[in-house]
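1. turn this into a structure:
(one chain, ligands or ions: 1)
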Amino acid sequence: MNPIKHLVVIGTGLIGGSLALALKKAGVVERVTGVGRSRENLELAKVRGVVDDWTHDIAAAVADADIVLLAVPMSAYESVFTAMVDTLPATAIVTDAGSTKQSAIAAARTCLPDPCRFIAGHPIAGTEQSGAGAAFAELFEHHLCILTPQDNTDPAALQRVQSMWEAAGSRVICMAPEEHDDFLAAVSHLPHLAAFALVNAVRKQGNDEHKPFEFAAGGFRDFTRIASSSPQMWRDIALCNRQAIMHQLDALQDELTAMKLALQADDGEQLLDDFKAAKTARDAWLAQHGEASS
Ligand code: NAD
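-> Next comes the predicted model:
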């Protein structure tokens, strides 16, 4: 791809920082400016070579940007967009990495003068860590990145953002934002809520002598890893994709109810069928897609 002269990363955390590092490693970006609220995090980003310079001032940062990436929690979108409208060059492309796409597009339509040059995106990669200290250049390698263009999206801007994610090692696909939000509710948002709920259910148990966590091992650790993710980020995702997530919670609730009924009826056959179906589906997914993280 043609090098990006000036990339502005608003939210220099795990995702924004990792994209900056990946593009630097690929040699396709000349200058990266980090924008955020925490001085400590931005200074760490500079020390780690994630950014070349940093500022708290969104309007000043975007004034000569080629590409602006939002990698902030979903609740910050409107204020971030609003802060850039007066100084954003007409030629600049704005894109994002947020986990819900209909809300991102709605915020861009409300706040940006030219939403056709906003390319909504979501890298399907991550960890439960936060901040610039957790960023690493290889995060997106061999992972999908989903872009959700609209009918009026500028095709040249779309192509440029696609090339950017490909340079970071991702495989890019496009889909409708509604479809993205429905699928991600099932395979990302529901598991996070289930992990938070499981930890809460367990932490409330125990007696004066012992707590259940004392006896937890690999199974509990694997299932609950993502409950160590940022609570603020997940509150925002949950609220931005409420309808789809509520639908998925109903689906999970139905499965749990069926299991409870099988237990009540002492129905080992039913339990075995359910467990076998789940194992077969998960094994087939792993065989096809490998041990994908996030
Ligand atoms: P993070 O907490 O590591 O980084 C977010 C950064 O945004 C922080 O540095 C924070 O200080 C900054 N920030 C918060 N509010 C801000 C504001 N109003 N103005 C400027 N900066 C602000 O989070 P992350 O994991 O990098 O997630 C960033 C985005 O990427 C989120 O929208 C999330 O939904 C999405 N995402 C996360 C993952 C994941 O696994 N962590 C994966 C894919 C997409």
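2. which residues of this protein lie near the ligand?
-> Proximity of the chain to the ligand, by CB under 6 Å from any ligand atom, involves residues 10-16, 35-38, 41, 71-74, 76, 79-80, 97-99, 122-123, 126-127, 130-131, 230, 233, 237, 294. Every C-beta, even on glycine, is put in place using the N, C-alpha and C of the backbone.
3. which ones among the residues you listed map onto helices?
-> Counting by DSSP state H, the part of the residues of the chain next to the ligand found in helices is 14, 15, 16, 41, 79, 80, 233, 237.
4. buried members of the residues you listed into PyMOL, please.
-> In PyMOL, a selection of the buried entries from these looks like this (16 or more other CB atoms under 10 Å):
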select buried, resi 14+15+16+41+80+233+237
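5. narrow the residues of the chain next to the ligand to those in strands?
-> Using DSSP state E, the members of those that fall in strands are 10, 35, 122, 123.
6. surely the last one meets residue 14?
-> So that's residue 123. No - if you go by CB atoms under 8 Å, residue 123 and residue 14 don't touch, sitting 10.5 Å apart.
7. can you say which of the residues of the chain next to the ligand are buried?
-> Among these, those buried by neighbour count (16+ other CB under 10 Å) are 10-16, 35-36, 41, 71-74, 76, 80, 97-99, 122-123, 126-127, 130-131, 230, 233, 237.
8. what do residue 123 and residue 14 both touch?
-> Counting by CB atoms under 8 Å, 6 or more residues apart in numbering, the shared contacts of residue 123 and residue 14 are residue 139.
9. any regions of the chain where pLDDT drops low?
-> Applying pLDDT under 70 to the chain flags the ranges 291-294.
10. report the contact partners of the residue most central in space within it.
-> When CA atoms, centre = their mean is applied to the chain, the residue found nearest the centroid is residue 99 (4.2 Å). Residues near residue 99 by CB under 8 Å, 6+ apart: 74, 122, 184, 188, 189, 233, 237, 240, 241.
11. again, 10 Å this time
-> Contact partners of residue 99, counting by CB atoms under 10 Å, 6 or more residues apart in numbering, are 15, 73-74, 122-124, 126, 180-181, 184, 188-189, 192, 233-234, 236-237, 240-241.
12. domains in the chain, by residue range?
-> Using automatic domain parsing, the domain parsing of the chain gives 7-175, 179-293.
13. please identify the most buried of those domains.
-> domain 7-175 (a mean of 20; mean count of other CB atoms under 10 Å).
14. give me the distance from that domain to the chain's centre.
-> Computed by CA atoms, centre = their mean, to the nearest Å, the separation of domain 7-175 from the middle of its chain amounts to 12 Å.
15. just the endpoints, please. Distance across it?
-> End-to-end distance for domain 7-175: 25 Å, by CA to CA, to the nearest Å.
16. 4 is where my numbering starts, stick with that
-> All right, first residue 4 from here; so that's domain 10-178.
17. all helices for the stretch 104-253 of the chain, in order.
-> Under the criterion DSSP state H, counting those that start in this stretch, helices of the stretch 104-253 of the chain are mapped to 104-114, 158-170, 180-187, 193-206, 221-227, 234-243, 245-267.
18. CSV for those helices, including distance to residue 147?
-> Converted to CSV, those look like this (distance: least, CB to CB, whole Å):
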stretch, distance to residue 147
helix 104-114, 14
helix 158-170, 9
helix 180-187, 11
helix 193-206, 17
helix 221-227, 22
helix 234-243, 18
helix 245-267, 19
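19. mind checking these for the one nearest to residue 58?
-> Shortest distance between residue 58 and these, using CB to CB, is found for helix 104-114: 20.2 Å.
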